[in-house]
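Student: okay, here's the prediction I keep looking at, along with the sequence it came from:
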Amino acid sequence: DAGVIQSPRHEVTEMGQEVTLRCKPISGHNSLFWYRQTMMRGLELLIYFNNNVPIDDSGMPEDRFSAKMPNASFSTLKIQPSEPRDSAVYFCASSLSVRSNQPQHFGDGTRLSIL
Amino acid sequence: GDSVTQMEGPVTLSEEAFLTINCTYTATGYPSLFWYVQYPGEGLQLLLKATKADDKGSNKGFEATYRKETTSFHLEKGSVQVSDSAVYFCAQGGYQKVTFGIGTKLQVIP
């Protein structure tokens, strides 16, 4: 079975550029989560969706960050304009639902470097 | 609010040693509890879970028991292998989202 698919796996770009990260959740999963992982701050939840609707975006650091989920099989996380402090590994995860007993399934992440 | 506390790493063990990684949680109600593992260059993978008090989750030789009285979910393995070297995250499932601990890096040396 295909897991959560993220693209690109690596992205290197200069500050000020727009960055778009993509995620395809597991088919049949109704909840989707975006995380950021850094050495200093660990794993941070940025935003999550349930049935394609954003539920909680309180973890989005600034207005430069935006996320969309136009359908059940695709989501994007966009940073515009990007800054060096945005450098991190960004993970997408999906789960069957937001019920507390449902585990999350993670993609392999996008390693983002902003120069 | 909900939180998960796990021991700071890194933890370095010799092959075949006994492993314990401590995890405690604070939550209202009775959350589900999880251990995830992250290998280098990969995302987190579910290792095991327990959904109610006294449940024991197990997988690949790892075990953890949901202890409501001590609000703990310690991860154990009787004999670690080099291939177990990874970062281990304790997590709890709360209302509509999961709260993760900071992660504990385990290094197993031959």
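Tutor: Nice, I can see it. Numbers count the residues shown, from 1 in each chain, chains lettered A, B, ... in the order given.

Student: report pLDDT for the closest residue to A:Pro103 other than its chain neighbours.
Tutor: Nearest non-adjacent residue to A:Pro103, counting by CB to CB, 6 or more residues apart in numbering or on different chains: B:Leu46, 4.4 Å away. All C-beta spots, glycine's among them, are computed from the backbone N, C-alpha and C. At B:Leu46, the pLDDT value in this model is 96.

Student: tell me where chain B has strands.
Tutor: B:3-6, B:11-14, B:19-21, B:23-26, B:32-38, B:44-50, B:56-59, B:62-65, B:75-77, B:86-93, B:98-100, B:104-109 (DSSP state E).

Student: and those: which comes nearest A:Ile47?
Tutor: With CB to CB as the measure, strand B:98-100 is the member of the strands of chain B nearest A:Ile47 (13.8 Å).

Student: specify the beta-bridge partners of the residue nearest the centre of chain A.
Tutor: Most central in chain A under CA atoms, centre = their mean is A:Trp34, positioned 3.0 Å from the mean C-alpha point. With DSSP bridges as the criterion, A:Trp34 is bridged to A:Ile47, A:Cys92.

Student: contacts only, for the nearest residue to B:Ser3 once chain neighbours are set aside.
Tutor: Of all residues not flanking B:Ser3 in the chain, B:Thr26 sits nearest, at 5.0 Å (CB to CB, 6+ apart). Counting by CB atoms under 8 Å, 6 or more residues apart in numbering or on different chains, B:Thr26 touches B:Asp2, B:Ser3, B:Thr71.

Student: same deal with B:Gly43?
Tutor: The contact partners of B:Gly43, by CB under 8 Å, 6+ apart, come to A:Val4, A:Phe91, A:Ala93, A:Phe106, A:Gly107, A:Asp108, A:Gly109.

Student: repeat that for 6 Å
Tutor: Applying CB atoms under 6 Å, 6 or more residues apart in numbering or on different chains to B:Gly43 gives the contacts A:Phe91, A:Phe106, A:Gly107, A:Asp108, A:Gly109.

Student: let me know the pLDDT of the residue nearest to it when sequence neighbours are not counted.
Tutor: Distances taken as CB to CB, 6+ apart put A:Phe106 closest to B:Gly43, at 3.2 Å, once the chain neighbours are dropped. Looking at A:Phe106, its pLDDT reads 96.

Student: which strand residues bridge A:Phe106?
Tutor: Here A:Phe106, judged by DSSP bridges, has bridge partners A:Ala93.

Student: got it, and the one 5 residues further on?
Tutor: The residues paired with A:Arg111 through beta bridges, assigned by DSSP bridges, are A:His10, A:Val89.

Student: what's the neighbour count on it?
Tutor: For A:Arg111, the count of nearby residues is 16 (other CB atoms under 10 Å in any protein chain shown).

Student: wait, the residue nearest to the centre of chain A touches A:Leu77, no?
Tutor: Yes. A:Trp34 is within contact range of A:Leu77, at 5.2 Å (criterion: CB atoms under 6 Å).

Student: now for those two: what residues contact both?
Tutor: With CB under 6 Å, 6+ apart, A:Trp34 and A:Leu77 have common neighbours A:Ala67.

Student: picking that back up, ok, the residue nearest to A:Pro103 to B:Phe34 distance?
Tutor: Separation of B:Leu46 from B:Phe34 (CB to CB, to the nearest Å) stands at 6 Å.
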